[in-house]
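Colleague: Based on what follows, work out the 3D shape:
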Amino acid sequence: MSVRTNVNTILRRYFLGGILVIVPLIITYLVLSFLIVKVDGLLSPFITGLINYKIAGLGLVATIVLIFLAGFLTANVIGSRLFRIWEIFLIKTPLVRTIYGSSKQLIEAITVTEKHSFERVVLVEFPRKGMFCLGFVTKKIKTDFGGEPGVLVAVYIPSTPAPFSGWTMLFRKDEVTPLDMTVEQGIKFFVSGGIAAPDVFCRGKSETSGKPD
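Modeller: Numbers count the residues shown, from 1 in each chain. Sure, this is the predicted structure:
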C-alpha cells in the first residue's frame, strides 16, 4: 500500500469521524435555537413591557417556569380541582373546545404512555402508491353509503422530527398493514428520522385471533 493511499485512508477516517461529531452538534444547535427563539417570543414581549427592559432568553425561562408551576399546582388536590373547572370552561367554549380538546388528546397520545389513543402501529402506502409510511391507528369508522357496509381506518402519520404535527388519512382496512411494533417504537422511528427503525418490519398479530393479520 502506497504512502498516498495510507494518507488518503487516514484523512478519510478522520474526516468521517469529525463529521460524526460536528454534524449532530450543528443539527442539535439549529433545532434548539429555533425552539428557543420561538418559545422565547411567546412571553418575552409581555415581560419586556412589564419591566421596560429587554433581556434575551427571559421569555424562555419564564415559559419553562410557567410549565413547572402549572405541573406543580395541578399535582395537588386543590390545584387539580381548579384545573378541572377551568378545563370544563374551555371545553364548553365554542371553537376553543375543538382546538383545545383535539390538541390535548394528541399530546397525551404521544407523551403519556398510559393513554391508548393510538391503537397500534401500521404500514400504509403514502403519499402515493409505491411509497410507504408508518402511522398510528386512531379509530375505525364504519361506512354506509347505501350499499354494502364497510370500514375505514383513520391513521395519523406524524412528521419528522416533531411528531406533534402530521396528517390524518382514511384508508380501507385492506390497505392497512399492522406491524409488530409498540407505539413507543413507532414514535422513536419518526423522531430519529427512521434511524431507530427495526431491521425487519414484521406483520402484527390480529386483535381477535392472536394470529398475524
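Colleague: So for the helix or strand encompassing residue 37, mean pLDDT?
Modeller: If you go by DSSP states H and E, residue 37 is part of helix 3-51. For helix 3-51, mean pLDDT is 69.
Colleague: next SSE after that helix?
Modeller: Past helix 3-51, the next helix or strand by DSSP H and E is helix 58-74.
Colleague: Quick check: which helices or strands does that following helix pack against?
Modeller: When contacts are defined as 3 or more C-beta pairs under 8 Å, 6 or more residues apart in numbering; DSSP states H and E, helix 58-74 packs onto helix 3-51, helix 77-91. Bear in mind the C-beta positions are built from the backbone N, C-alpha and C, glycine included.
Colleague: Let me know the angle separating the last one from helix 58-74.
Modeller: Counting by axes from the mean of the first three to the mean of the last three C-alpha atoms, to 10 degrees, helix 77-91 lies at 110 degrees to helix 58-74.
Colleague: Distance from the chain centre to helix 77-91, please.
Modeller: Counting by C-alpha atoms, centre = their mean, to the nearest Å, helix 77-91 is centred 26 Å from the centre of its parent chain.
Colleague: Not counting it itself, show me its contacts.
Modeller: Identification of contacts with helix 77-91 by C-beta atoms under 8 Å, 6 or more residues apart in numbering yields 72-74, 96-97, 100-101.
Colleague: Okay, and the beta partners of residue 179?
Modeller: Residue 179 has these beta-bridge partners by DSSP bridges: residue 203.
Colleague: Please disregard the earlier target; I meant residue 122.
Modeller: In this entry, residue 122 is beta-bridged to residue 135, residue 178, by DSSP bridges.
Colleague: From the centroid of the protein, which residue is nearest?
Modeller: By C-alpha atoms, centre = their mean, the mean C-alpha position of the chain lies nearest to residue 163, the distance being 2.0 Å.
Colleague: Doesn't that one lie inside a strand?
Modeller: No - per DSSP: H, G, I helix; E, B strand; the rest coil, residue 163 lies outside any strand segment and is coil.
Colleague: Isn't it up against residue 191?
Modeller: Yes - using C-beta atoms under 8 Å, residue 163 makes contact with residue 191 at a distance of 6.4 Å.
Colleague: Sticking with the closest residue to residue 196 other than its chain neighbours, tell me its helix or strand.
Modeller: Excluding the flanking residues, the one nearest residue 196 by C-beta to C-beta, 6 or more residues apart in numbering is residue 188, at 4.3 Å. Using DSSP H and E, residue 188 sits in helix 183-191.
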